[in-house]
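Colleague: The following comprises the amino acid sequence and a computationally predicted model.
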Amino acid sequence: MAWNAGALSDSQSETKALKPLKPKRKRDNWSRYRLMRYLVVPWIFLLPILGLHAFVVVFPAIQGVYYSFTDWSGIGEAEFIGLRNFEEMFFEDQSHIDALLRNIQWMLFFITVPFIFALFGSSLLAKVKRGAMFYRTALFMPFILPSVVTATIWRYLYNPRFGLPTLVGYDKALLGQSDTALWAIAFADNWHFWGFLMVLFLTAMQGIDPVLYDAAKVDGANRWQEFWHVTLPGIRPVVLFMMMMVMIWAFLVFDYIFILTGGGPAGATEVLGIDIYKNAFQRFEAGYAAAQGITICAFAGLIVSAFAYLRKRGWDI
C-alpha cells in the first residue's frame with residue numbers, strides 16, 4: 001500500500017506538471033489561426049491580382065527601361081547603345097524639344113483656365129438649393145462622354161463654314177492654323193474636363209463648417225472675402241492635389257490631339273504622346289520611343305517629388 005501510494009502521488013505530480021501544457025497548446029493554435037487569417041489568406045487573395053499587375057504593368061515597365069537603352073525597331077533583336085537615345089533626344093532632336101514645350105504650354109493652360117472655371121462654378125452652385133442636382137449633372141455630363149464623341153462634336157463646331165467661327169465672322173479653320181490649333185483643342189478638352197473639377201471642389205466646399213461663414217459675415221466680409229479667406233483655405237488640399245494630377249496628365253495628353261489634328265498642321269500640335277506614337281508605330285524607332293516614355297515618367301516623378309517636399313515643409317496638401 002505504501003508503494004502504491006507513492007506511485008499514485010508520483011502520477012498525480014506528473015499530471016499536475018502536464019496541466020500547464022494545455023494553455024500553451026491553445027496559444028499555439030491561436031497563433032496559427034492568426035497567421036493563417038491575417039497573413040496567409042490575404043496573400044492568397046492578393047496573388048492573382050498581383051500576378052496580373054506584374055504581367056501587365058511591372059514587366060512591360062522593366063522592358064521599357066531596357067529598350068530605352070537600345071536601338072530597336074520593335075521587331076527582332078535589340079542592339080544596346082547605352083545613353084545614345086537620351087543624347088539624341090535632348091541635344092539633337094528638335095522635334096522632341098518642340099513637343100516638350102507644347103506639353104508645358106498645355107500644362108500651363110490646364111492649371112489655370114479649368115481651375116478658374118471650376119472654382120467659379122462651384123462657388124455659385126454651393127449657394128443653389130433648388131435644382132442643384134440638375135445643374136451639377138448637366139455640367140458634369142461632358143466628362144463622361146467618350147473622347148471620340150466629344151472630339152467629333154467639336155470638329156463640327158470648329159468648321160469654318162457652318163460652325164462657331166462663322167458667328168463672329170472668322171472664316172479660317174481654327175484647327176488648320178498653326179497659331180490656333182493647339183489652343184482650340186485645349187479649349188475643347190477643357191469643355192469636357194472642367195465639370196469634373198467643379199464637382200470635386202463643390203464636394204470639398206460642402207465639408208466646410210458653416211460657422212466659419214457666419215463668423216465672416218459677422219466681421220463684415222463680402223462674398224469675395226468669404227471665398228478668399230474661408231472657402232479657398234477650406235478646399236486647398238483638394239485644389240493642390242488636383243493641380244498635381246493635372247500637371248502629370250498634361251504630359252500624357254494624346255486622345256483629343258490625335259483625333260482632331262493627328263499632330264498637325266505641320267506639327268503645330270505634336271506633343272510628346274503624338275511624337276512617341278509616330279516614332280514607335282510609323283518610324284519604327286521603338287527604342288527611341290521607349291526613351292521618350294522614360295522622360296515622361298521622370299517629369300511625373302519630379303512633379304510628385306516637388307509636392308511631397310512642399311508637404312514635408314508643412315503645406316496642407
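Modeller: Happy to help now that I have it.
Colleague: which helix in this structure runs the most residues?
Modeller: helix 286-312 (DSSP state H).
Colleague: Around Arg37, count how many other residues there are.
Modeller: 10 (other C-beta atoms under 10 Å). Quick note: C-beta positions are derived from backbone N, CA and C, even for glycine.
Colleague: just Tyr309 next, same as before
Modeller: Neighbour tally, Tyr309, other C-beta under 10 Å: 10.
Colleague: Lys172: what secondary structure?
Modeller: On the three-state scheme (DSSP: H, G, I helix; E, B strand; the rest coil), Lys172 is labelled coil.
Colleague: if I look at it, how far off is Lys127?
Modeller: 41 Å (C-beta to C-beta, to the nearest Å).
Colleague: now Asp93
Modeller: Distance from Asp93 to Lys127, by C-beta to C-beta: 52 Å.
Colleague: ok, these two, which is more surrounded?
Modeller: Asp93 (17 against 8).
Colleague: who's in contact with that one?
Modeller: If a contact means C-beta atoms under 8 Å, 6 or more residues apart in numbering, then Asp93 has no contacts.
Colleague: Check it and give its pLDDT.
Modeller: On pLDDT, Asp93 comes in at 93.
Colleague: likewise Trp43?
Modeller: 87.
Colleague: and if you look at the one 10 residues further on?
Modeller: In the prediction, the pLDDT value recorded for His53 is 92.
Colleague: since we're on it, how many residues are nearby?
Modeller: Neighbour tally, His53, other C-beta under 10 Å: 12.
Colleague: same thing with Phe117?
Modeller: Neighbours around Phe117, by other C-beta under 10 Å: 18.
Colleague: give the contact list for the nearest residue to it once chain neighbours are set aside.
Modeller: Distances taken as C-beta to C-beta, 6 or more residues apart in numbering put Trp194 closest to Phe117, at 4.3 Å, once the chain neighbours are dropped. Trp194 sits next to 113-114, 117-118, 121 when contact means C-beta under 8 Å, 6+ apart.
Colleague: what's the answer for Gly234, then?
Modeller: Counting by C-beta under 8 Å, 6+ apart, Gly234 has contacts 204-205, 207-208, 212.
Colleague: Outline the domain layout of the chain.
Modeller: By the record's domain assignment, the chain is partitioned as 16-67, 88-312 (automatic domain parsing).
Colleague: how far is the shortest one from where the chain is centred?
Modeller: In terms of C-alpha atoms, centre = their mean, to the nearest Å, the centre of domain 16-67 is set 30 Å apart from its chain centre.
Colleague: Likewise for the last one?
Modeller: When distances are taken as C-alpha atoms, centre = their mean, domain 88-312 is centred 12 Å away from the chain's centroid.
Colleague: what does stretch 61-77 give?
Modeller: On C-alpha atoms, centre = their mean, the centre of stretch 61-77 falls 26 Å from that of its chain.
Colleague: Quick one: end-to-end distance for it.
Modeller: Here the two ends of stretch 61-77 are set 18 Å apart, with distance taken as C-alpha to C-alpha, to the nearest Å.
Colleague: ok, back up a step: counting contacts, what elements does the longest helix of the chain pack onto?
Modeller: helix 59-67, strand 70-71, helix 84-91, helix 236-249, helix 272-281 (3 or more C-beta pairs under 8 Å, 6 or more residues apart in numbering; DSSP states H and E).
Colleague: Mind exporting the C-alpha coordinates of the third one to PDB?
Modeller: This file holds the C-alpha atoms of helix 84-91, laid out as PDB (Å, rounded to 0.1, in the frame of the first residue of the first chain):
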ATOM      1  CA  ARG A  84      22.600  57.400 -77.200                       C
ATOM      2  CA  ASN A  85      18.800  57.700 -77.300                       C
ATOM      3  CA  PHE A  86      18.800  60.300 -74.500                       C
ATOM      4  CA  GLU A  87      21.700  62.200 -76.000                       C
ATOM      5  CA  GLU A  88      19.900  62.500 -79.300                       C
ATOM      6  CA  MET A  89      16.600  63.400 -77.600                       C
ATOM      7  CA  PHE A  90      17.900  66.400 -75.700                       C
ATOM      8  CA  PHE A  91      20.700  67.600 -77.900                       C
END
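Colleague: relative to helix 236-249, how tilted is the following helix or strand past that helix?
Modeller: Per DSSP states H and E, helix 84-91 leads on to helix 94-110 as the next helix or strand towards the C-terminus. Orientation check (axes from the mean of the first three to the mean of the last three C-alpha atoms, to 10 degrees): helix 94-110 against helix 236-249 gives 160 degrees.
Colleague: Can you give me the buried ones in helix 94-110?
Modeller: Using 16 or more other C-beta atoms under 10 Å as the test for burial, helix 94-110 gives 96, 99-100, 102-103, 106-107, 109-110.
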